[in-house]
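Test case, fold it:
(one chain, ligands or ions: 1)
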Amino acid sequence: MELQLWRAVLEPYAMAVDELIVKMNHIKNEFEYVDQYSPIESVNGRVKRISSILEKAQRKNISLDDIEEKLDDIAGVRIICRFVEDIGRVAEIIRKRSDMKVIQEKDYITKSKDSGYRSYHMIVEYTVQTLKGPKNLKVEIQIRTLAMNFWATVEHSLQYKYKGNMPEHVKDKLLRSAEAIVTLDNEMTVVRKEIMDAQIYYQLKKELVTDILSNIENLYKVANKREVMKIQDEFLAIYETDDLERMSHFCKELDIVAESYRAQRLH
Ligand code: 0O2
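Residues are numbered from 1 along each chain as shown. You can find the predicted model right below:
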């Protein structure tokens, strides 16, 4: 196939990759806007190089006429997560979307590949709008942790270096480092729980502080200024202790004070 023809074939795949990167990054942003931990750490993607398409088609005995139908990863998007648990959350978000249809899932995490490779793959059907009209194509979404990605990237460069003839001692080293990655990911799971607890704590604290400050602001309009300043000092003292229980108690008491002023005004 001539280069120009390849470009025409691959252009819609490039569009799909670009669009999906934007969409996945916006999911990350949505979590961040509401101060929530995002299961997506970063997103990248690529269209397979022509040489890699030709090599894979030859290896899998696929005729060039069938590559679009039979090669699932001409367009590839990679989503990197911090923790293993995040991978399932991302997969669930993808399953629920109406702009893509999951047609296959490959779980190389529960059962890693013989090489030691771990990752979660989803093949989705996605529609791009071209000048000739809508075009349905397949995109491979790889979801993996930072640690899994580090291993896969190193292993991929070694595969490239040894071109299918990787020496046994290098394979062994890679297998052992793959086991170390599993251990690292498991240990990180414990850290994740702490992050989640911290997130709940800060969210609660933020809500309490917002409630208290809004009540104090309103009290300035209706109550004695010296009394409100006393309340404000009391709040600052509690705030400095970082004691959420005291803050919550203070918030409830302040609600009662604010309510009584509201009632007085109504009378
Ligand atoms: P590249 O250069 O990354 O594009 P299947 O018929 O489903 O068994 P297929 O289509 O190869 O075969 O699917 P599979 O096994 O899910 O692999 C798809 C992609 O996952 C690969 O694409 C790699 O990107 C990645 N991958 C799979 N196995 C390994 C591995 O052992 N090591 C690393 N580093 N990556 C792996 P390509 O086209 O092989 O490569």
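
Tell me which residues touch Y261, please.
Contact partners of Y261, counting by Cβ atoms under 8 Å, 6 or more residues apart in numbering, are 219, 222-223. Bear in mind the C-beta positions are built from the backbone N, C-alpha and C, glycine included.

Now the residue nearest the centre of the chain: phi and psi?
Among the residues of the chain, I40 comes closest to the average C-alpha position under Cα atoms, centre = their mean, at 1.1 Å. Here the main-chain torsion angles of I40 (degrees, to the nearest 10) amount to phi -100, psi 120.

excluding its backbone neighbours, what's nearest it?
Once its chain neighbours are removed from consideration, I40 has its nearest residue in K28; the separation is 4.3 Å (Cβ to Cβ, 6 or more residues apart in numbering).

element containing that neighbour, please.
Element membership for K28, per DSSP states H and E: helix 3-33.

who's in contact with the residue lying closest to L10 once chain neighbours are set aside?
In space, L10 comes closest to V47 once its chain neighbours are excluded; the distance is 5.4 Å by Cβ to Cβ, 6+ apart. Shown here is V47, whose contacts under the criterion Cβ under 8 Å, 6+ apart are 10, 13-14, 17, 74-76.

Go ahead and measure how far stretch 11-25 is from the middle of the chain.
In terms of Cα atoms, centre = their mean, to the nearest Å, the gap separating the centre of stretch 11-25 from the centre of its chain is 16 Å.

before we move on, the earlier item: quick check: the residue nearest to I40 touching Q36?
No - the pair formed by K28 and Q36 falls short of the contact definition of Cβ atoms under 8 Å, at 10.5 Å.

Tell me the residues that contact both of these two, please.
With Cβ under 8 Å, 6+ apart, K28 and Q36 have no common neighbours.

quick one on the thing from earlier: buried ones in the helix holding K28?
Taking 16 or more other Cβ atoms under 10 Å as the neighbour-count basis, helix 3-33 is seen to contain the buried residues 9-10, 12-17, 19-21, 24, 27-28.

Could you do stretch 229-236 as well?
231-232, 235.

Check stretch 141-159 too.
Applying a neighbour-count criterion of 16+ other Cβ under 10 Å, one finds 141-149, 151-152, 155 buried in stretch 141-159.

Turn the residues you listed into a markdown table, columns for secondary structure and distance to the ligand.
Written out in a markdown table, the entries for the buried residues of stretch 141-159 read as follows (DSSP: H, G, I helix; E, B strand; the rest coil; distance: Cβ to the nearest ligand atom, whole Å):
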| residue | secondary structure | distance to the ligand |
| --- | --- | --- |
| I141 | strand | 11 |
| Q142 | strand | 6 |
| I143 | strand | 12 |
| R144 | strand | 10 |
| T145 | strand | 14 |
| L146 | helix | 15 |
| A147 | helix | 13 |
| M148 | helix | 10 |
| N149 | helix | 9 |
| W151 | helix | 8 |
| A152 | helix | 4 |
| E155 | helix | 4 |
